[in-house]
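K.L.:
structure here, sequence nowhere to be found:
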């Protein structure tokens, strides 16, 4: 197969007649899921055209139908999903009407698929070699034990696993997330398909690993001339990696065209919001709005009459700077000194998860602890919350040494320091209604009586901008963003001074993420909260944090103000992290 | 791995001591004099009673009797029953019979349970699934002696396919019917367990990925769905085998199987301390070993599980 490489100008027709016909043409595709209350349409009239050698990204938030579209192409819709209308033409052949047998021969051979989560997409009970060889045999690429094995090693090496021959016999759990994703990419490309569908191929990985994998995927598909259909929720990533962009919202395509054009000049209101909210593209810390802080209010009132929004922003930023300065002179809310945590691992000695970590957080400010998985950032949070004991070092909260606290004192401290965790699905008890969930800390700490607690719950719901009617509802009736608001309300119930946010927005869609970040900023200036913000996402750090500590392998490698870290990173590791933020270098027109 | 096995075997020692002590104490505390009971209506002369008591160490205090018994176990002497037969001989006669019965029963319940569970799971909500559920529920709710008597009547008397009771030497063909009866109970459990496990696995991401690689359904089902689904099922089967190995008293009684369950039951009725305690000791040992094997098997089935050195 010799496909001409055309990097940038994809819309121009190449000289060969074959290239004029699109490789994949989706016409008015409709997909529905059968539920007890009737059909629910997940994809509603989607049109996508993809030419040979092109790369195209479908962008949208969860529930937009982007993954469903991808699964419809290879006819692997989950559960009761089925194609209810339209055509999926691959090289002129309608896949929507293809028989089971035909689809089996198309999957793998003509269309490769790289799934989203490297942790769950390899069968844990079979070796890596077995699973790659199986794909090779099923597509008739090679036969005979030796040949198949040879090809498997080739495929894995191509995908970037240099020691493939040695690791064939190993099982998925012995591979890191990035390695597994390489295996999945290798399997997807094993039969040299014309089209590769990559469904959020790196969302579960650390940014630096993400970049390496995507770079590799890009050069590999270019080398092989594979057409790439890319599914992602990350606008920056999509724009950086694909020539063409299709933005989906509620099952419909709202905008499509060349990536940069869309990013710089979004037409549809939804795309405009998406571009504005993408944290990877933003560049300033969120300033609190609607604050009741007296000084800010005065300035804001002044500004509103004078020059409107822009000046308002500058004014609030100035107020914030003043507040920061004031905070710096007051005693810090949290002091961490030489904190170390050693885990004993049976058979292989000690593992230093946190190594001599020291930092301070001034009252009313936000410090972000940034690092990739395994850097020890969550362990620091756990020790601060005293959910885990430290091996050595000190933690002072409001001047009190955590280690010296016992029973009742510790209990009291817990009311001043509250956590919000990452997974809004796992951190709310599904059997308790919202009122009980938010009111539980009040009950545990015996604050007030039934009626005053109920009043407080209403107040908290107002604070996190949720309707009061939610009080009797259950978590499964709420969206991810609403759940995270509930978790924040619960954390605020006892009027804490410190909130530890452990990846509190990582599981949310960009628009929801932006809302929650704004809410957090507002609450901070309103209530004078101190945040310890744990995240792997530097893009989020930029919009929420005042100070940043970058962690790597248990140590803090760089600590400075957010602007300093972003504008002038000193450590190589920080520079790598920054460079890995997808779409960071894309100029925005708007 | 070897270290793990040694540790597990060492853990078995306190368990063995504890269980034998408990059983020994309970047999000791049973009301009535077993020696007097041996003579039925007749009143034995006191000297004879004394002599028999001394022969079985029954004149010693309880704790001394227990240690004499323990010492016997470690030297391979399990004592003799009241009929004068060494207990080790009784063990050698009954355990092979129960072993055969247990293997047959596990084989039947495995083949039927997994097949039905797999088909029901793959066609969730279909007619087969619904009827399998109804049959399972009926079997679970019937007491085993009812199933046993019905089986004896239908297959033994009406159809004449099997003999209603087990003959001498307990040949395999006589054990089939009691094994089928034993299998019905666990069949329901295994088919339900397999079904749930298959449904769970079928929804896993790696199954979809397998399909996206171009594999046919006929390969995905055995290799990616069944293999993964069997892990909990095999564990259940092994534990069930352990339960069957320590005797199925009711079924063995009804079919007159000369196995562990029936012999133990008779020994308990007669108050034969040495026989009861020896049997229970061996049962505990078998149970512990089977449990260890289950854990090792688990590691074979699921490569993620590795026991520390």
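P.N.:
Arrived safely. Remember, predicted model here, so these are calculated numbers, not experimental data.
K.L.:
what about the helices in the stretch 151-300 of chain A?
P.N.:
Taking DSSP state H, counting those that start in this stretch, the helices of the stretch 151-300 of chain A run over residues A:164-167, A:177-188, A:207-224, A:235-241, A:259-264, A:269-277, A:294-306.
K.L.:
oops, could you answer that again for chain B instead?
P.N.:
With DSSP state H as the criterion, chain B has helices at B:2-29, B:34-38, B:46-55, B:62-74, B:87-122, B:127-141, B:144-151, B:172-202, B:205-212, B:217-220, B:227-245, B:249-254, B:260-270, B:273-301.
K.L.:
which parts of the fifth one are buried?
P.N.:
Neighbour counts using 16 or more other C-beta atoms under 10 Å in any protein chain shown place B:87, B:90-91, B:94-95, B:97-106, B:108-110, B:112-114, B:116-122 of helix B:87-122 among the buried residues. Placement of C-beta: from N, CA and C, glycine included.
K.L.:
is chain A within reach of that helix?
P.N.:
No. Shown here: helix B:87-122 not in contact with chain A (C-beta under 8 Å from any C-beta of the partner chain), separated by at least 14.1 Å.
K.L.:
and residue A:191, what does it touch?
P.N.:
Residue A:191 makes contact with A:108, A:109, A:112, A:135, A:136, A:139, A:141, B:214, according to C-beta atoms under 8 Å, 6 or more residues apart in numbering or on different chains.
K.L.:
ok, now which ones touch the residue of the stretch 201-309 of chain B found nearest chain A?
P.N.:
For the stretch 201-309 of chain B and chain A, the shortest gap (C-beta to the nearest C-beta) falls at residue B:214, measuring 2.6 Å. The neighbourhood of residue B:214, defined by C-beta under 8 Å, 6+ apart, consists of A:104, A:105, A:106, A:107, A:108, A:109, A:135, A:138, A:139, A:191.
K.L.:
from memory the third one sits against residue A:94, does it?
P.N.:
Spelled out, that is residue A:106. No. Look at residue A:106 against residue A:94 with C-beta atoms under 8 Å: they stay out of range, at 11.4 Å.
K.L.:
follow-up on the earlier one: of all the helices of the stretch 151-300 of chain A, which one comes closest to residue A:35?
P.N.:
For residue A:35, the closest of the helices of the stretch 151-300 of chain A is helix A:269-277, at 25.4 Å, according to C-beta to C-beta.
K.L.:
what comes up buried for the closest one?
P.N.:
A:270, A:271, A:274, A:275, A:277.
K.L.:
now do the same contact list for the closest residue in space to the fourth one that isn't next to it in sequence.
P.N.:
What sits nearest to residue A:275 in space, not counting adjacent residues and going by C-beta to C-beta, 6 or more residues apart in numbering or on different chains, is residue A:266, at 5.1 Å. Applying C-beta under 8 Å, 6+ apart, we find residue A:266 in contact with A:255, A:272, A:274, A:275, A:590.
K.L.:
farthest-apart pair in those residues, please.
P.N.:
Taking C-beta to C-beta, no two of the contacts of residue A:266 sit farther apart than A:255 and A:590, at 14.2 Å.
K.L.:
these two: which is more packed in?
P.N.:
Comparing residue A:255 with residue A:590 by other C-beta atoms under 10 Å in any protein chain shown, the one with more neighbours is residue A:255, at 20 against 9.
K.L.:
list the residues that contact that one.
P.N.:
The contact partners of residue A:255, taken as C-beta under 8 Å, 6+ apart, are A:245, A:246, A:247, A:262, A:266, A:267, A:268, A:270, A:271.
K.L.:
do that again at 7 Å, thanks
P.N.:
A:247, A:262, A:266, A:267, A:268, A:271 (C-beta atoms under 7 Å, 6 or more residues apart in numbering or on different chains).
K.L.:
a markdown table please, covering those residues and showing pLDDT.
P.N.:
Output for these, formatted as a markdown table (pLDDT from 0 to 100):
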| residue | pLDDT |
| --- | --- |
| A:247 | 90 |
| A:262 | 86 |
| A:266 | 86 |
| A:267 | 88 |
| A:268 | 87 |
| A:271 | 86 |
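K.L.:
let me know the closest of these to residue B:186.
P.N.:
The nearest one, if we look at the contacts of residue A:255 relative to residue B:186 and count by C-beta to C-beta, is residue A:247, at 55.5 Å.
K.L.:
what number of residues are in the vicinity of the closest one?
P.N.:
Neighbour tally, residue A:247, other C-beta under 10 Å: 26.
K.L.:
same check, this time on residue A:240
P.N.:
Counted with other C-beta under 10 Å, residue A:240 comes out at 22.
K.L.:
how much space is there between it and chain B?
P.N.:
Per C-beta to the nearest C-beta, to the nearest Å, residue A:240 is found 25 Å from chain B.
K.L.:
and the pLDDT for that residue?
P.N.:
Looking at residue A:240, its pLDDT reads 83.
K.L.:
over to residue A:323?
P.N.:
63.
K.L.:
got it, and residue A:7?
P.N.:
Residue A:7 is assigned 41 on the pLDDT scale.
K.L.:
and residue A:385, what is it in contact with?
P.N.:
When contacts are counted by C-beta under 7 Å, 6+ apart, residue A:385 touches A:417, A:419, A:500.
K.L.:
kindly report the same for residue B:303.
P.N.:
Per C-beta under 7 Å, 6+ apart, neighbours of residue B:303: A:125, A:171.
K.L.:
ditto for residue A:580
P.N.:
Per C-beta under 7 Å, 6+ apart, neighbours of residue A:580: A:207, A:208, A:210, A:211.
K.L.:
export those to TSV and tack on distance to chain B, neighbour count and pLDDT?
P.N.:
Formatted as TSV, those follow (distance: C-beta to the nearest C-beta, whole Å; neighbours: other C-beta atoms under 10 Å in any protein chain shown; pLDDT from 0 to 100):
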residue	distance to chain B	neighbour count	pLDDT
A:207	23	22	75
A:208	24	15	76
A:210	19	22	80
A:211	24	20	81
